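Novice: Predicted structure and sequence below. I'll ask about it afterward.
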Amino acid sequence: HVHRGGHLAILSGNTCFWQVRSADDGRSMSGYKQRFRDDPGLGTDSLVEARMASGLASLGAFNIQESRKVDATISDDIKVKAWSSVSIALVFMFLYIAVRFRNWQYGLGAVLSLGQAGRANREARRAVQAETQAKQRLAESEAISQFLTEVFESPDPTRDGRTITVAETLDRAAKKLETDLADQPERRIELQKTLAYTYFQLGLLREVIPLLEQVLPHYRTHHGLNRTNTMEVMATLAASYDFRGQSAEAFALRSEVYELRRRVLGPEHPDTLRAVLNMCSSLYSLRRFQEAEKMAKDLVETCRRAGGPEHPRTFEAINALAGIYSETGRHREAVPLLRDILRKRGGTPGVKDEFAMAVTLNLVGNLTKANEFDEAIRVGEAMLKSHGVTWGADHLYIFGLKASVAAAYRGAHQFAKAIELFEPALQTMRRQMAPGRQWITETMEPLAACYEATGRGPEAEALRRELAAMAALPDAPAKPPQPAQPAPLKP
């Protein structure tokens, strides 16, 4: 109730003070309750084990026989005993001085003086620590400020700053981070993660992988696997792998994320259900359709039970199931599912809605394969008109949708229109994807057919020669796979 914004008074100490710890010598108190995943104590045991394993790895094989976590109760017990020891020592000192000099005021004065000296020493240490910390933070802030200033400076003074794109600025920042902030590894890693997430949201996934491949080992070692930010880095890297055609790497990482989220968050937590959806996407990319279909159907039922038939997660699970139907040739089963999602959920024109775009892309592809070309063109063109400018031509959904609508135009024998969309889509794919990637090969062949149909035989022949060269690549599939629709761009 409180989490959803309501007002509630709880007159129960046991409930109010659940998962609360004091800090700062008792001057502050923190309670995490439902936000227990943000508790800095969560996952400390795995962090210690990871660091110990890293240190002992060079010595050969080892085995941890037993480990114990020192929790707040044991820590408080140690603190109480320490205070007791000091108090007893002060009592004996007072008695000794009072008896030795036959004056109790001397004993009391000595005890009070010692207490004042201890307090002054403690305050002096705190002042030195605060000054050191302030200087360190100032140096870090100045370094980051200088880094950002240099990033946003135009590399070409003759160029109008309004023509510099966000992608160019991000590329410059990523390149500078390869050498800058070497003495501030934590800040450097956080900036690299921020850049990677920005690239990801812009749909520029090729640039995400090298950044997160540097971030993830640091997070595994210094943050631990049980922390949600580590799982988020893993999930984002896996989504980028999947897009780039590294399906096996994506599935391995997504399986690990699922097990972690299931154990730490629970089987029906939204993040765990998201992990299941992503595993369906990876099984789909690996062409393990039977496993993917079973997992997707189970996920639909779980989401309906947990959130209801019109919950956003339920729609996402149905979209994944429709994608599997499409891949196995059951387009007429997929189309009504996707139409129903768009009818119930819809989307606002001009507003960046990743899921509405993903469902539209899936629907256009299935309508085309079901030979319903007119509806495929109408739905796809409407989405391109409302979202094309907002998202930008380099976003994977935009060039993916262009290729899908082009396929519908080709099916309707409107070859000139098809070429107008195929060409820019293929150009963007070449920039964003590895050579021989499924989307590239599946765009080149129909574009070659359109060239041939419009009397542009030499261009068609050139594309087919390139396709044959791609098929000879060592990692090329044995036979061309069927078009796949991407899952929503969420980790």
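Specialist: Structure's in. What do you need?

Novice: Please give me every residue in contact with residue 446.
Specialist: When contacts are counted by Cβ atoms under 8 Å, 6 or more residues apart in numbering, residue 446 is found next to 406-407, 410, 418, 422. C-beta coordinates here come from the backbone N, C-alpha and C atoms, glycine included.

Novice: just curious, which of those is nearest to residue 315?
Specialist: Set against residue 315, the nearest of the contacts of residue 446 by Cβ to Cβ is residue 407 (24.6 Å).

Novice: Chain neighbours aside, what residue packs nearest to the closest one?
Specialist: Of all residues not flanking residue 407 in the chain, residue 368 sits nearest, at 5.1 Å (Cβ to Cβ, 6 or more residues apart in numbering).

Novice: in the chain, what spans have low per-residue confidence?
Specialist: 1-78, 136-169, 176-183, 346-352, 434-437, 472-491 (pLDDT under 70).

Novice: Do a quick rundown of the strands in it.
Specialist: 20-23, 28-31 (DSSP state E).

Novice: could I have stretch 262-270 exported to CSV, CA atoms only?
Specialist: C-alpha atoms of stretch 262-270 as CSV (Å, rounded to 0.1, in the frame of the first residue of the first chain):
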residue,chain,number,x,y,z
ARG,A,262,15.2,-16.3,-9.5
ARG,A,263,17.4,-17.1,-6.5
VAL,A,264,17.7,-13.5,-5.2
LEU,A,265,14.4,-11.9,-6.3
GLY,A,266,12.0,-14.9,-6.5
PRO,A,267,10.4,-16.7,-9.5
GLU,A,268,7.5,-14.2,-10.1
HIS,A,269,9.5,-11.0,-9.7
PRO,A,270,9.1,-8.7,-12.7
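
Novice: Number of residues surrounding residue 269?
Specialist: Here the number of neighbours of residue 269 (other Cβ atoms under 10 Å) works out to 15.

Novice: mind starting the numbering at 579 from now?
Specialist: Yes, from this point I'll number from 579; that puts the last item at residue 847.

Novice: Give me the distance between the closest residue to it other than its chain neighbours and residue 833.
Specialist: Distances taken as Cβ to Cβ, 6+ apart put residue 839 closest to residue 847, at 6.7 Å, once the chain neighbours are dropped. Counting by Cβ to Cβ, to the nearest Å, the separation of residue 839 from residue 833 is 11 Å.

Novice: quick one on the thing from earlier: in this structure the residue nearest to residue 847 contacts residue 848, no?
Specialist: No. The pair residue 839 / residue 848 is not scored as a contact, 9.6 Å apart, by Cβ atoms under 8 Å.

Novice: ok, and the most crowded of the contacts of residue 1024?
Specialist: Neighbour max across the contacts of residue 1024 (other Cβ under 10 Å) = residue 984, 29 neighbours.

Novice: Can you redo the contacts of residue 1024 as JSON lines, where the extra columns are distance to residue 915?
Specialist: Listed next are these as JSON lines, based on distance: Cβ to Cβ, whole Å:
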{"residue": "984", "distance to residue 915": "24"}
{"residue": "985", "distance to residue 915": "20"}
{"residue": "988", "distance to residue 915": "25"}
{"residue": "996", "distance to residue 915": "27"}
{"residue": "1000", "distance to residue 915": "28"}
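
Novice: and which of those residues is nearest to residue 885?
Specialist: Using Cβ to Cβ, residue 985 comes nearest to residue 885 of those, at 34.2 Å.

Novice: The closest one: what's it in contact with?
Specialist: Per Cβ under 8 Å, 6+ apart, neighbours of residue 985: 943, 946, 996, 1024.

Novice: do you know how far it is from residue 1026?
Specialist: 13 Å.

Novice: before we move on, what about residue 691?
Specialist: Per Cβ to Cβ, residue 691 is found 93 Å from residue 1026.

Novice: ok, these two, which is more surrounded?
Specialist: Taking other Cβ under 10 Å, residue 691 and residue 1026 do not tie; residue 1026 has more neighbours (22 against 10).

Novice: any idea how far the more buried one is from residue 947?
Specialist: Relative to residue 947, and taking Cβ to Cβ, residue 1026 is found at 19 Å.

Novice: now residue 711
Specialist: Counting by Cβ to Cβ, the separation of residue 711 from residue 947 is 62 Å.

Novice: Looking at the two, which is more packed in?
Specialist: It is residue 947, of residue 711 and residue 947, that has more neighbours when counted by other Cβ under 10 Å, with 21 against 10.

Novice: Can you give me the neighbour number for the closest residue to the more buried one other than its chain neighbours?
Specialist: Sequence neighbours aside, residue 909 is the residue nearest to residue 947 in space, at 4.5 Å (criterion: Cβ to Cβ, 6+ apart). Neighbours of residue 909 under the rule other Cβ under 10 Å: 19.

Novice: wait, what's in contact with residue 909?
Specialist: 903, 944-945, 947-948.

Novice: Residue 890 now?
Specialist: 923, 933.

Novice: do you know how far it is from residue 922?
Specialist: 11 Å.

Novice: Next step: the contacts of residue 909 restricted to helices.
Specialist: Members of these lying in helices (criterion: DSSP state H): 903, 944-945, 947.

Novice: Any buried residues in stretch 1005-1025, and which?
Specialist: 1006-1007, 1010-1011, 1014-1022, 1024-1025 (16 or more other Cβ atoms under 10 Å).

Novice: export that stretch as PDB, just CAs?
Specialist: What follows is stretch 1005-1025, C-alpha atoms only, in PDB (Å, rounded to 0.1, in the frame of the first residue of the first chain):
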ATOM      1  CA  GLN A1005      23.000   0.500 -45.500                       C
ATOM      2  CA  THR A1006      22.200   0.900 -41.800                       C
ATOM      3  CA  MET A1007      22.500  -2.800 -41.200                       C
ATOM      4  CA  ARG A1008      26.000  -2.900 -42.700                       C
ATOM      5  CA  ARG A1009      27.100  -0.200 -40.300                       C
ATOM      6  CA  GLN A1010      25.400  -1.800 -37.200                       C
ATOM      7  CA  MET A1011      25.800  -5.500 -37.700                       C
ATOM      8  CA  ALA A1012      28.600  -8.100 -38.300                       C
ATOM      9  CA  PRO A1013      29.000  -9.300 -41.900                       C
ATOM     10  CA  GLY A1014      26.800 -12.300 -42.800                       C
ATOM     11  CA  ARG A1015      24.300 -11.400 -40.000                       C
ATOM     12  CA  GLN A1016      20.800 -12.900 -40.700                       C
ATOM     13  CA  TRP A1017      19.100  -9.600 -41.300                       C
ATOM     14  CA  ILE A1018      21.700  -8.500 -43.800                       C
ATOM     15  CA  THR A1019      21.500 -11.600 -45.900                       C
ATOM     16  CA  GLU A1020      17.700 -11.700 -45.800                       C
ATOM     17  CA  THR A1021      17.600  -8.100 -47.000                       C
ATOM     18  CA  MET A1022      20.100  -8.500 -49.800                       C
ATOM     19  CA  GLU A1023      18.300 -11.300 -51.600                       C
ATOM     20  CA  PRO A1024      14.900  -9.600 -51.900                       C
ATOM     21  CA  LEU A1025      16.600  -6.300 -52.800                       C
END
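
Novice: Thanks again, I'm all set now.
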